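J.: My questions concern the predicted model and sequence given below.
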Amino acid sequence: MVVVNARRCPQNHRCPSLRVCPTGALKQSGIGAPTVDSELCIDCGKCIAYCPMSALVGDVRKAGQR
């Protein structure tokens, strides 16, 4: 699953990675850090690749469970 590193996210604009998520798992309220709906996330990595701040990362704790 994708996780958000809020310290890397500037949280001052609409997250550009929202538009590349094919399932709508990436959500944002206002201009805060986005959140990931674990039920919808398919681990495609599109948002990770698209994030200009590298604030979206794969959850290394779950990497071995795939």
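T.: The structure has been received and is ready for your questions.

J.: give me the number of residues near the closest residue in space to Thr35 that isn't next to it in sequence?
T.: Distance criterion C-beta to C-beta, 6 or more residues apart in numbering; nearest residue to Thr35, sequence neighbours excluded, is Lys27 at 5.4 Å. Quick note: C-beta positions are derived from backbone N, CA and C, even for glycine. Counted by other C-beta atoms under 10 Å, the residues lying close to Lys27 total 13.

J.: ok, the nearest residue to Arg8 once chain neighbours are set aside - contacts?
T.: Closest residue to Arg8 apart from its sequence neighbours, by C-beta to C-beta, 6+ apart: Ala55 at 3.9 Å. Contacts for Ala55 (C-beta atoms under 8 Å, 6 or more residues apart in numbering) come out as Val4, Asn5, Ala6, Arg8, Cys9, Ala33.

J.: Val57 is in contact with the second one, correct?
T.: The reference is to Asn5. Yes. The criterion here is C-beta atoms under 8 Å, and Asn5 meets it with Val57 at 5.9 Å.
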